[in-house]
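**Q** Kindly generate the corresponding structure for this input.
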Amino acid sequence: MACLGGLYKLTSIENDNAYIGCSREKNDENVILTLADDVIVYNMENNRTVHSWRSKRGEHFTSPAIYCDNSHEYVVVINNKIIKTFQEDFAKGKRFTVNTFIHKIVYHQKSNKSYVVFEDLTISPLEDVLQNPKSTTEFANKHLKSCQLLDDSFHIISNKDGVVALTVIDVASGTSSSKTVKPEKSGEDLKLLGSCFNSNNKNLVTFWSDGSVCISGDLNDQHVEIQQVKKLPVHPKTLLTVAPRGLIVSLADDIVAVVHSSPTNKNELTISAVDLLYGSVFTCHKSPTTASAQVDMFDGYLLMIANEEISKVDYSAEAVTLFSVAHCQQKATSCDNTDLYTADNFYLQAEAAQQKHLDELMGCKKNVNKMKIWTELWDSLVEMKKISLFSSGTISLLMKQLLNEEKFKLISKIINTGFLTTRISPYLLDGVLKTSDTGLLMDFLNHINDVSEQDMVKCLDHLLLSDKDVVTAKQEDILNKIISLPNTNSDVKEALTKLSYQKSEALLKFLCTILEKSETLQQDELMYKQVISWVSNLIDVNYANFITYQDSIEILVKLQQVVSLQSEYMEEFRKIELFMMTMENAKKLKSKKPQDFSYKIELMSI
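**A** You can find the predicted model right below:
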């Protein structure tokens, strides 16, 4: 059976920036993530973005980007009909427009060739298409649902006029065969939601609008007969709004992961592991919002796309047996926490005593001294140099559990280790802000090393009161800390667009008071530069508002006076600096002694 473990956030996505797919890159540790507006090369080992490219306004990526080893180029599809090839400079790439809508471009590693799969069920080598792109026929419909390259054949699922068909096309010969796909007992309004091939590539697994998970028989038969394995709860208003991909993926030979409606709440989406032998279901993750959720699989990595994030999911899978099914069902009924951490690699490699500590921390039993348990666990991890806990999904689930239980003293202690990041625990800041505990917030800012510009502005939004100009001493310390954090101007400007005008004005007033304390700023040049940068970004973002609203004139006049005074100071300092440099150079010239040297005179007669 399979169990899904902790989530590890890779990147954030905007609401309208839909997930398209993923593919391999030239480096084995990298993966190419394609969104509607962005292509991101992400390093899975170092957990960082290597490259990113954004589409032009009015253009969207419509197929997963790929990397071609033979041409050393990235290839993307724009607006269904434009192929763009480039190396690392996206702006200098070449564009080719075809007549037929493109479903996707697939790289065949065995032959080191790339193939274009068109929506009219034709397949052509990428090189041939680029040489003569207008040779394609006019076709502007989208019937294909999925395409997988298995061994040396393309397996394509299409849905035209309500008829679902499987088409198999051989790469070498180009021969094809097509077969209809339909459940044994199906209604007239039954729609295909998703499909995949299980890992042994012998069976087609389909997911239908009535919740049926079905598996096919022999794919060599003229009509592919499929049998229902399990029927999952489906609420059409929730599930049918999900993007037409990513509702079902294969985890192992006889196990699939399926996105479906929650059995208890039709507004929630659930991801469950379904075994194809006995039909047992194990619910693993729930999406807390009505937003769509998707799953994708690439090179052993399971990705979850939900709540405006792309996350890597730790999972474990074993051969399906009656014993494994019974074991998972027992774990499901005995564990209060539905998010299973026991599939995490860290947990599997931990000592028995450490696993016991984690079980106690993740449990929901009352009268358990979790502070003491964490201290013992942390001491053992430090002694054995196993700080890898903070690069695993286990800590993400643990922080989520502690936030739900409001164990804020323990959360503070974990934060103070200095190893926790917002990438591991993306909801940590929201939990900290809900407490209104300034001490806990200061711990967060002091010890979390990857605070983003969005999180900085979120903290400012929480602290600033638009109807009060006075801040407490603790709030002032926190505001100073936020201003001093490293950032980039472009990201700060983007984040400041989400801060209201009233609070932007309050922040500008606070920054103005800092600039007035010139004697303290001169001692901290970095802080001085940070304050000036924040002031510049605030004015840039709110320029129109500051000009339009009359109540902002007072603060702008005050800021002008402060800046003018600072400019006068700087001008005088420059004069003094020039005078001191002149004196220093003159002193060097006076102290310079002539060098001793010898010479001789020779007389020559001609």
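**Q** what stretches of the stretch 501-606 of the chain score poorly on pLDDT?
**A** 518-524, 549-553, 563, 565-573, 579, 583, 586-597, 599, 605-606 (pLDDT under 70).
**Q** Show me where it has its helices.
**A** 501-516, 518-521, 525-541, 543-548, 553-590 (DSSP state H, counting those that start in this stretch).
**Q** buried stuff in the third one?
**A** The neighbour-count criterion (16 or more other CB atoms under 10 Å) identifies 528, 530-531, 534-535, 537-538, 541 as the buried residues of helix 525-541. Where you see a C-beta, it was placed from the backbone N, CA and C, and this is true even at glycine.
**Q** How about the first one?
**A** Buried positions in helix 501-516, judged by neighbour count with 16+ other CB under 10 Å: 501, 503-512, 514-516.
**Q** Low-confidence ranges, the stretch 151-300 of the chain, go.
**A** By pLDDT under 70, the low-scoring segments of the stretch 151-300 of the chain are 184-188, 199-202, 218, 220-224, 235-245, 263-267, 283-292.
**Q** residue boundaries of the strands in it?
**A** 153-160, 163-170, 176-183, 192-197, 204-208, 212-216, 224-231, 248-252, 255-261, 269-275, 281-287, 294-298 (DSSP state E, counting those that start in this stretch).
**Q** now the angle between strand 163-170 and the fourth one, please.
**A** Right, strand 192-197. For strand 192-197 against strand 163-170, the angle by axes from the mean of the first three to the mean of the last three CA atoms, to 10 degrees is 30 degrees.
**Q** Pull the distance from strand 192-197 to the chain's centre.
**A** Put simply, strand 192-197 sits 25 Å off its chain's centre (CA atoms, centre = their mean, to the nearest Å).
**Q** change the start of the numbering to 25 and stick with it
**A** That works, and once the first residue is 25, the last one we named lands at strand 216-221.
**Q** Partner strands of that strand, with direction?
**A** Applying DSSP bridges to the sheet, strand 216-221 is found paired with strand 228-232 (antiparallel).
**Q** could I get the strand it pairs with in CSV with only the CA atoms?
**A** Below are the C-alpha coordinates for strand 228-232, written out as CSV (Å, rounded to 0.1, in the frame of the first residue of the first chain):
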residue,chain,number,x,y,z
LEU,A,228,-5.0,1.9,-18.4
VAL,A,229,-6.5,3.4,-15.3
THR,A,230,-9.3,5.9,-15.7
PHE,A,231,-11.3,8.2,-13.4
TRP,A,232,-14.9,9.2,-14.3
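**Q** Which one of the strands of the stretch 175-324 of the chain lies nearest to residue 83?
**A** Closest of the strands of the stretch 175-324 of the chain to residue 83 is strand 318-322, at 22.4 Å (criterion: CB to CB).
**Q** Can you name the element that comes right after that closest one?
**A** strand 325-330 (DSSP states H and E).
**Q** The helix or strand just after that next one to strand 325-330, inter-axis angle?
**A** As assigned by DSSP H and E, the chain's next helix or strand after strand 325-330 is strand 333-341. Strand 333-341 and strand 325-330 are oriented at 140 degrees to each other (the same axes, to 10 degrees).
**Q** helices and strands around strand 333-341, which ones?
**A** Counting contacts by 3 or more CB pairs under 8 Å, 6 or more residues apart in numbering; DSSP states H and E, strand 333-341 packs against strand 26-36, strand 272-276, strand 325-330.
**Q** Kindly reformat those as CSV containing mean neighbour count.
**A** Below are the helices and strands packed on strand 333-341 laid out as CSV (neighbours: other CB atoms under 10 Å):
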stretch, mean neighbour count
strand 26-36, 22
strand 272-276, 21
strand 325-330, 22
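**Q** quick one: which of those is nearest residue 82?
**A** Closest approach to residue 82 among those is made by strand 26-36 (23.1 Å; CB to CB).
**Q** now what about the helix or strand following the closest one, what contacts it?
**A** The helix or strand immediately downstream of strand 26-36 is strand 43-48, counting by DSSP H and E. Applying CB atoms under 8 Å, 6 or more residues apart in numbering, the contact partners of strand 43-48 are 37, 55-60, 85-91, 128, 131, 133, 267, 269-270, 318, 320, 322-323, 327, 329, 334.
**Q** Partner strands of strand 43-48, with direction?
**A** Strand 43-48 is paired, per DSSP bridges, with strand 54-59 (antiparallel).
**Q** so how far is the partner strand off the chain centroid?
**A** So, by CA atoms, centre = their mean, the centroid of strand 54-59 is 10 Å from its chain's centroid.
**Q** rewinding a little: of the buried residues of helix 549-565, which is the nearest to residue 293?
**A** residue 565 (35.5 Å).
**Q** Now do that closest one against residue 475, distance only.
**A** Residue 565 sits 20 Å away from residue 475, taking CB to CB, to the nearest Å as the criterion.
**Q** Same check on residue 282?
**A** Residue 282 is 36 Å from residue 475, by CB to CB.
**Q** So the two - more neighbours on which side?
**A** It is residue 282, of residue 282 and residue 475, that has more neighbours when counted by other CB atoms under 10 Å, with 23 against 20.
**Q** Specify the beta-bridge partners of the more buried one.
**A** Counting by DSSP bridges, the residues bridging with residue 282 are residue 272, residue 296.
**Q** so it sits right up against residue 300, yeah?
**A** No. Using CB atoms under 8 Å, residue 282 is not in contact with residue 300; the gap is 11.0 Å.
**Q** Mutual contacts of these two, please.
**A** residue 237.
**Q** orientation of the helix or strand hosting residue 73 relative to strand 54-59 in degrees?
**A** Residue 73 belongs to strand 72-78 when assigned by DSSP H and E. Strand 72-78 runs at 40 degrees relative to strand 54-59, counting by the same axes, to 10 degrees.
**Q** partner strands of strand 72-78, parallel or antiparallel?
**A** Here, using DSSP bridges, strand 72-78 pairs with strand 62-67 (antiparallel).
**Q** For residue 107, which three-state class applies?
**A** strand (DSSP: H, G, I helix; E, B strand; the rest coil).
**Q** Enumerate every residue touching it.
**A** 99-101, 119-122, 126, 129, 140, 150, 153-154, 157.
**Q** Tell me what it is bridged to.
**A** residue 101, residue 120.
**Q** Mind pulling up the pLDDT for it?
**A** Listed pLDDT for residue 107 reads 95.
**Q** returning to that earlier point: nearest to residue 202, of the buried residues of helix 549-565?
**A** Nearest member of the buried residues of helix 549-565 to residue 202, counting by CB to CB, is residue 565, at 56.1 Å.
**Q** quick one: that closest one and residue 32, what's the gap?
**A** Counting by CB to CB, the gap from residue 565 to residue 32 is 32 Å.
**Q** do the same with residue 535
**A** 36 Å.
**Q** ditto for residue 235
**A** From residue 235 to residue 32 the distance is 30 Å (CB to CB).
**Q** try residue 539
**A** Distance from residue 539 to residue 32, by CB to CB: 41 Å.
**Q** Same question for residue 524.
**A** Taking CB to CB, one finds residue 524 at 33 Å from residue 32.
**Q** before we move on, what about residue 393?
**A** Plainly put, residue 393 is 29 Å away from residue 32 if you go by CB to CB.
**Q** What of residue 293?
**A** 20 Å.
**Q** Next: residue 528.
**A** 34 Å.
**Q** cool, and residue 286?
**A** 23 Å.
**Q** ok, now residue 222?
**A** With CB to CB as the criterion, residue 222 and residue 32 are 25 Å apart.
**Q** same question, residue 176
**A** Counting by CB to CB, the gap from residue 176 to residue 32 is 35 Å.
**Q** for residue 475, same thing?
**A** 18 Å.
**Q** likewise residue 141?
**A** Remark: distance between residue 141 and residue 32 (CB to CB) = 31 Å.
**Q** Then residue 66?
**A** Counting by CB to CB, the gap from residue 66 to residue 32 is 11 Å.
**Q** thinking again about what came up before, got the helices and strands packed on strand 333-341 as a markdown table, with distance to residue 217 columns?
**A** Listed next are those as a markdown table, based on distance: least, CB to CB, whole Å:
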| stretch | distance to residue 217 |
| --- | --- |
| strand 26-36 | 20 |
| strand 272-276 | 8 |
| strand 325-330 | 16 |
